[in-house]
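Trainee: Predicted model and sequence below, questions to follow.
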Amino acid sequence: MTKNYTFTIYSNDQTGILNRISAVFSRAGLNIEALSVCESTHSGLFRHNVQVSCDAQTGFRVSQQLERQIEVIKADFYHQDEIIQQELALYKIASKSMLEQTLAEQIIHRHHARVLSMNSEFTVIEKIGKRAESQALFDDLSTVGVLEFVRSGPVSISKLMTTESLQEDMPVFKQHATCESENGQTVETSS
Amino acid sequence: MKSASNTSDPMTINNPLADQELPNVSGAESIILSLLAEGVSQVFGYPGGAIMPTYDALMDYEDQLEHIMVRHEQGAVHAAQGYARASGKVGVCLATSGLGATNLITGIADAYLDSTPLVCITGQVFAQLLGTDAFQEIDILDISTPVTKWNIKVTQASEIPAAIAKAFYIAKSGRPGPVLIDITKNAQIDCMAFDYHPCYQLNSYQPTPQPDELALVQAARLINVAKKPLVLFGQGLILGAAEQEFLAFAERCGAPLAATILGLSALPTNHPQYVGMLGMHGNYAPNTLTNECDVLIAVGMRFDDRVTSNLDFYAKQAKVIHFDIDPSEINKNVAVDVAVLGDVKHTLPAVTKQLDANKHPQWLAKFHQLHAIEQHKIIAKDLEPKTDTINMAEVIKCLNQQDDNCLIVTDVGQHQMVACRYAKFSQSRSLITSGGLGTMGFCLPAAIGAKFARPDRQVVGIVGDGGVQMTIQELGVLMQHQLPVKIIILNNQFLGMVRQWQELYFDKRYASTELSNPNFGLIADGYGINNAKVSSRAHLADAVHTMLSHPGAFVLEVMVAQQDNVFPIITPGASVADMCLGTNTAGTSDDNSED
């Protein structure tokens, strides 16, 4: 069954590593729905968050192929209920709609959004939350006219305590637990 | 002086510059020195603009590092593959930027699928020209990413030795594979202080997983209680140099032993437990009985679709034990019950010592029964044909009879399947063939590489009339180096395997498979290579004898049946247990001693 999965991939800082990672997804026929890259808690190691829709078996196989890449230290994948997610959305509206009517201001207030920047021409509004929340704000703001709209992909953090505890002996992270499965259904990817 | 003078460093003895001050050398010279430090003595390549500084430096080291100039870059990479697979060492090839690099890609992909350790060094345009569509500039890093184990672009001379050290470590460790180093021309020209530190460890790379003690116990327990165990072995045994460990394991558990195509020659073909080759054109018994065994023990193989056919009907009744070094192979195609991760050189003995000595005579007898059917319906006809024309199989049989210890290199197609089905092997690394990618044109350059690696062995290339024309220019290497490689062209004037599929699955519509061939003898003559052509059975043995006993290179063209088929075959999509034993029953002989 196809579900949303978020992969958390730790890699060294090497030119071309993002291509190598994305190639694993495209080879599996998966479209990357959201991607964010940042330095991890370990200086010099990068954390790639990749969200895709796939079935569990494909997700497992992709995580195996990701870990097979030399510069990848670890690749985990999580179902949506195993992570906490947030998105950032920015909306640009004409400042005159803020000044001439109170509707825009009411909408911003009601959605717990905030004004990030304002000048005589336009105002930029920021909303942090779930996809549905930023979409609801967009729908409401459309009544006063949205000049430009951008939404980040979700940024995710796992609910586990151990995720980023990359121990000192790095190669250990590529050591898998014995993969046992019942009819190929349940599989643990890594220790 | 840094580590080059450190006597605890095992590479020091190979470092030609040990015990000297750090020399200031060009990046190009540092490439050569790094290769020498890795123990490389032969490289295959083709010069061109962006790699010229390296070729210039190579001239000064000709006595230590032999360069074999091929006639096309694809030849270089296949030769490096042949070299690596015959020797177990890392194969090295050189090419220029752009087209030189792209011409390597087919061979790199082949090496990737067949886990062959290669280091490919490509020149690149000056760093300041990158991204400008400069002459012969191609982003080979991106192109090669999906088919390399690792790749890197080097734009500064000082980065070269570390990149090469890392490349060799990655190429040969764990599950081997090809790596590519793209080096800009300025990096080759600029000077640097040369210091070489071999690579032994990387923070992100665990080449050999630690064996799981519990898995070893579970594997042994399953094998001990099995009534109908079946062992499938692959190239992992050869790559891990674990042939002896496997033999001890196999003889202890007493199970029938079946080979994948790349596993062939890891076990002598005359071993009493050996039951044949797996796969689409493999043997009837091991394929069929895969679906009857109770414990399937896969050792260093990856359940390729040519082996498993339709996974929905593959060994569903069996408990599966999978020995492999690559965790990503576990549960990839076949769900396993016990995964024994690690190097088979260590995991096999660890399991063997927990095994009860066992024999399975009744179960083995079942293989022999099915083999007798294959013998009657197919093998006898192949090896003792009653037809006028020569069969591919009898050429292989003739070769076996005259030299049972040659190193066979095949191309891809019908002749490959026939060679793999009928060749006899008595020592490991005796078969080099393109398995995963199925690259036509592989044979001739790979045979050249194999002969450079193993001049002591009789290297025989078996190639079709189609495949030989894909890389026939490499006869120039045989000529130039007076290399005694024997090439047998099995000429059926067709792209035989495609024609067979057209006959079986495309209503006998032979689209673009009939070949108008040149006079191969004249081509060999042009290269000054001795040659012969044989069309009748009566002259075959003499011709093979002439070829094998000739001191130099030899091209033997054998005219074989035009429209013969390779049987048995597992129809694509069918179960592994539903092998088709063929449609043609003519010419069967009941009296045949071949197994």
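Mentor: Received, thanks. Fair warning: this is a prediction, and the values are worked out from it, not measured in the lab.

Trainee: ok, the closest residue to B:Ser512 other than its chain neighbours - how many residues close by?
Mentor: Sequence neighbours aside, B:Leu495 is the residue nearest to B:Ser512 in space, at 7.8 Å (criterion: CB to CB, 6 or more residues apart in numbering or on different chains). In this view, the C-beta of every residue, glycine as well, is placed from N, C-alpha and C. The number of residues packed near B:Leu495 is 22, by other CB atoms under 10 Å in any protein chain shown.

Trainee: What score does B:Leu495 have for pLDDT?
Mentor: On the pLDDT scale, B:Leu495 is placed at 97.

Trainee: ok, now the one 5 residues further on?
Mentor: On the pLDDT scale, B:Gln500 is placed at 97.

Trainee: how many neighbours does the residue lying closest to it once chain neighbours are set aside have?
Mentor: Closest residue to B:Gln500 apart from its sequence neighbours, by CB to CB, 6+ apart: B:Asn565 at 4.9 Å. B:Asn565 has 17 neighbouring residues, counting by other CB under 10 Å.

Trainee: How about B:Ala446: what's its closest non-neighbour residue?
Mentor: B:Gly82 (3.4 Å).

Trainee: Pop out the phi and psi values for the one you found.
Mentor: Torsion angles at B:Gly82 (phi, psi; degrees, to the nearest 10) stand at phi -60, psi -40.

Trainee: pLDDT score for it?
Mentor: pLDDT, B:Gly82: 98.

Trainee: what's near enough to touch it?
Mentor: Counting by CB atoms under 8 Å, 6 or more residues apart in numbering or on different chains, B:Gly82 touches B:Gly91, B:Val409, B:Ile432, B:Pro445, B:Ala446, B:Ala447, B:Ile448, B:Gly449, B:Ala450, B:Lys451, B:Ala453.

Trainee: who touches residue 68 in this structure?
Mentor: Because you didn't say which chain, this covers chain A. Going by CB under 8 Å, 6+ apart, A:Arg68 touches B:Asp326, B:Pro327, B:Ser328.

Trainee: hmm, I had chain B in mind actually
Mentor: Taking CB under 8 Å, 6+ apart, one finds B:Gln42, B:Val43, B:Phe44, B:Gly45, B:Ala79, B:Ile448, B:Phe452, B:Val477, B:His481 in contact with B:Ile68.

Trainee: mind putting the contacts of A:Arg68 in CSV, distance to chain A and neighbour count included?
Mentor: Shown next, in CSV, are those (distance: CB to the nearest CB, whole Å; neighbours: other CB atoms under 10 Å in any protein chain shown):
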residue, distance to chain A, neighbour count
B:Asp326, 7, 20
B:Pro327, 4, 25
B:Ser328, 4, 19
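
Trainee: Name the residues of the longest helix belonging to chain A that are buried.
Mentor: Longest helix in chain A, counting residues (DSSP state H): helix A:56-68. Residues of helix A:56-68 classed as buried: A:Ala56, A:Thr58, A:Gly59, A:Phe60, A:Arg61, A:Val62, A:Ser63, A:Gln64, A:Gln65, A:Leu66, A:Glu67, A:Arg68 (neighbour count, 16 or more other CB atoms under 10 Å in any protein chain shown).

Trainee: got any ranges where chain A has weak pLDDT?
Mentor: A:162-191 (pLDDT under 70).

Trainee: What ranges does it have for its helices?
Mentor: A:17-27, A:56-68, A:95-100, A:103-110, A:131-141.
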